[in-house]
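Engineer: sequence and predicted structure are below.
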Amino acid sequence: MRLHMPCDDRLGLVRDLAGVLVERGVSIIAIEMDNGAVYLECQSVSEADAQELILAFRRVRGIHRVALVPAMPYKERAEQLQAVLASVRDGILAVNAAGVLKQCNTAAARILQLSAEAIDQALPQALADSLLINRTLREGRSFGDCEVFIESIGSYCVVSTRPLYNEQAEAAGVVAMVRDIRDVRALVQKVTAGRPVSFADISFASPAMEKVLKQARRYASSDSTVLIRGETGTGKELFARALHSGSPRSKAIFVPVNCAAIPDTLLESELFGYEEGAFTGAAKGGKPGLFELANGGTLFLDEIGEISVHLQAKLLRALQDKRVRRLGSSRELPVNVRIVAATNRELEDMVRLRLFREDLYYRLNVIPLYLPPLRERTEDIPLLAEQFLRRFADRLNTPARSFSREAMVKLQQYAWPGNVRELENVIERAVNLVDGPEMTAEHIYLGRPKPAAVRPQVRFETYQTLQERLAEVEQDILQETMERFPSARRAGAVLGISHTSVLKKLRKYGLWPDKP
Ligand SMILES: Nc1ncnc2c1ncn2[C@@H]1O[C@H](COP(=O)(O)OP(=O)(O)OP(=O)(O)O)[C@@H](O)[C@H]1O
């Protein structure tokens with residue numbers, strides 16, 4: 001039986017109430033003062049005895065009223081706290097000064113794989129260390145959003161802690177908040193990801209693209225690695241995104257990496273992450289790599305043909321073992337990532353020239369997908385052009401709605417070295433120029449025609465020896481090769497000479513700074 005009794009603040013009141021119960025041989029379960037009232041919980045008694053008890057309490061000096069209540073305030077508070085703890089997605093746990101686990105919500109139990117029996121038991125030392133609980137107790141200060149590795153679950157978590165102080169201002173316990181790194185990533189993905197791209201976003205009218213799309217739809221559901229080939233701007237990234245959206249991993253993250261846009265040394269730490277202090281400039285607390293970030297989802301390695309041979313070896317190992325190791329760490333982490341790679345390079349030639357590892361090539365080329373260039377599917381041009389026209393006209397609020405016949409012919413006759421991206425740009429430029437509803441041929445500015453491949457210039461200066469003329473040609477070849485493969489080693493592999501010969505020749509022609 002639980003009673004609520006508004007009362008005066010009088011010394012001895014609780015003793016008098018207890019006396020009423022003692023006289024009748026009824027035991028007290030709990031007594032609590034709250035907000036000008038006494039709450040009392042005692043063992044249950046018969047209906048008649050309850051009535052008599054209530055009358056006796058009313059007669060106690062200082063008691064204003066006596067009413068039955070369904071719950072004691074401390075129980076209500078505890079239940080509300082439990083409901084709050086159970087409803088949050090973050091893991092919350094409370095540990096006392098002796099390291100004993102006193103509270104653990106369902107999320108914490110799930111993230112840290114703790115059983116119900118863990119309550120009222122000392123938290124394992126390694127776990128208390130990883131969760132920064134011991135440091136919080138020792139140093140008596142809070143930690144905010146630290147990424148820590150939890151050995152027992154083999155994964156990283158984000159942890160914040162707060163010490164609880166006793167009356168002597170000593171740390172008497174710790175409350176820790178734990179978030180699974182995967183939940184953090186899912187949140188980031190939700191906030192930062194744009195609208196997902198699906199196969200329905202890929203426009204086509206040509207049988208060639210119909211065939212590719214049919215293949216891609218079939219491949220989407222598989223977990224195998226896809227290698228998308230095609231010239232620049234043919235829609236490789238669009239297909240990679242659609243493959244992800246159409247896969248069982250669609251709810252997880254899609255992580256695109258442009259391998260050509262990041263310098264080699266940086267790409268290694270971006271892909272694999274690093275531990276604190278792994279190198280000068282490494283961020284405090286280390287950083288997870290893109291492989292880890294993409295865990296559960298899809299990693300899109302764009303321009304895969306551009307990565308160095310050193311990184312190719314590391315990538316191959318990661319793909320084979322399905323494990324990655326952060327730079328400066330000895331710990332390997334399992335990763336479950338689907339790889340979609342793309343390139344506009346002739347990887348087979350690169351393999352032949354030893355610029356691309358053959359084993360990595362086969363590992364990536366499990367499902368090849370070839371996107372034809374726009375000039376081989378001119379049927380797609382009107383559809384794409386009209387789609388881009390609508391998009392840009394709406395965005396720029398111009399009245400352009402259609403193409404004249406000549407404009408469309410001009411678009412279809414062009415060779416489109418930049419493919420769909422170039423078409424998109426041409427239409428955007430045209431929409432900016434047009435005043436009326438129709439786009440005419442004058443509004444369509446196409447790229448400058450490519451000059452015909454120039455043959456090495458032959459200079460008819462009769463006093464030049466054969467050797468001198470050959471040297472000029474050699475110089476042109478070296479210059480052109482170094483522009484395409486800006487490393488002596490790679491240029492050497494292409495030209496079939498050693499990299500030291502390349503360097504020697506570069507120095508000879510003043511194409512390489514001399515040693516100081
Ligand atoms: N079939 C298509 N339908 C609609 N838009 C397309 C289509 N193909 C490509 N695009 C658009 O063309 C542009 C270039 O596509 P994307 O970036 O996917 O090409 P890419 O082959 O990955 O290029 P790069 O080789 O330069 O990385 C994007 O804006 C894309 O949305």
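Structural biologist: Looks like it came in fine.
Engineer: that's a helix at Asp120, yeah?
Structural biologist: No: counting by DSSP: H, G, I helix; E, B strand; the rest coil, Asp120 is not part of a helix but coil.
Engineer: what's near enough to touch it?
Structural biologist: Asp120 makes contact with Val100, Leu101, Lys102, according to C-beta atoms under 8 Å, 6 or more residues apart in numbering. All C-beta atoms are positioned from the backbone trio N, CA, C, and that covers glycine.
Engineer: redo those as CSV? Include neighbour count, pLDDT and distance to the ligand.
Structural biologist: Below are those laid out as CSV (neighbours: other C-beta atoms under 10 Å; pLDDT from 0 to 100; distance: C-beta to the nearest ligand atom, whole Å):
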residue, neighbour count, pLDDT, distance to the ligand
Val100, 15, 93, 56
Leu101, 21, 92, 51
Lys102, 12, 91, 54
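Engineer: of these, closest to Asp9?
Structural biologist: For those, the residue nearest Asp9 by C-beta to C-beta is Lys102; the value is 32.3 Å.
Engineer: just the element for the closest one, please.
Structural biologist: If you go by DSSP states H and E, Lys102 is part of strand 101-104.
Engineer: could you give the number of residues near the closest residue to Val409 other than its chain neighbours?
Structural biologist: Leaving out its chain neighbours, the residue that sits closest to Val409 by C-beta to C-beta, 6 or more residues apart in numbering is Ala441, at 7.8 Å. Counted with other C-beta atoms under 10 Å, residues neighbouring Ala441 total 15.
Engineer: kindly report the same for the one 3 residues further on.
Structural biologist: By other C-beta under 10 Å, the residues close to Ile444 number 21.
Engineer: quick check: what element follows whatever helix or strand Phe239 lives in along the chain?
Structural biologist: Per DSSP H and E: Phe239 is located in helix 236-245. Sequence-wise, the next helix or strand downstream of helix 236-245 (DSSP H and E) is strand 254-258.
Engineer: quickly run through the sheet partners of that following strand, with directions.
Structural biologist: Looking at strand 254-258 with DSSP bridges, its partner strands are strand 298-302 (parallel).
Engineer: just the mean pLDDT for the next helix or strand after the strand it pairs with, thanks.
Structural biologist: As assigned by DSSP H and E, the chain's next helix or strand after strand 298-302 is helix 309-321. Mean pLDDT, helix 309-321: 94.
Engineer: next to the ligand, which bits of this structure? Give me the list.
Structural biologist: 202-204, 230, 232-238, 302, 344, 384, 420-421, 424 (C-beta under 6 Å from any ligand atom).
Engineer: show me which of the residues you listed are buried.
Structural biologist: 202, 204, 230, 233-238, 302, 344, 384, 420, 424 (16 or more other C-beta atoms under 10 Å).
Engineer: ok, the contacts of Asp120 vs Arg323, which is closest?
Structural biologist: Taking C-beta to C-beta as the measure, Leu101 is the one of the contacts of Asp120 closest to Arg323, at 31.4 Å.
Engineer: my read is that that closest one contacts Ala118, right?
Structural biologist: Yes: using C-beta atoms under 8 Å, Leu101 is in contact with Ala118, at 5.5 Å.
Engineer: elements contacting the helix or strand containing Arg490?
Structural biologist: In this assignment (DSSP H and E), Arg490 forms part of helix 488-495. Under the contact criterion of 3 or more C-beta pairs under 8 Å, 6 or more residues apart in numbering; DSSP states H and E, helix 488-495 touches helix 466-484, helix 499-508.
Engineer: how about Asp394, secondary structure?
Structural biologist: Counting by three-state DSSP, the backbone at Asp394 sits in helix.
Engineer: count the residues that sit near it.
Structural biologist: For Asp394, the neighbour count with other C-beta under 10 Å is 10.
Engineer: which ones are touching it?
Structural biologist: Contact partners of Asp394, counting by C-beta under 8 Å, 6+ apart, are absent.
Engineer: for it, give its distance to Asn432.
Structural biologist: 14 Å (C-beta to C-beta, to the nearest Å).
Engineer: if I pick Arg32, what's in contact with it?
Structural biologist: You called it Arg, but residue 32 is Glu. By C-beta under 8 Å, 6+ apart, the contact set of Glu32 is Val38, Tyr39, Leu40, Met72, Pro73, Tyr74.
Engineer: who does the second one bridge with?
Structural biologist: I take that to be Tyr39. With beta bridges defined as DSSP bridges, Tyr39 has these partners: His4, Glu32.
Engineer: need the pLDDT of it.
Structural biologist: In this model, Tyr39 carries a pLDDT of 93.
Engineer: is it in contact with His4, as I believe?
Structural biologist: Yes: with contact defined as C-beta under 8 Å, Tyr39 counts as touching His4 (5.8 Å).
Engineer: and those two? Which one has more around it.
Structural biologist: Shown here are Tyr39 and His4; by other C-beta under 10 Å, Tyr39 has more neighbours (20 against 16).
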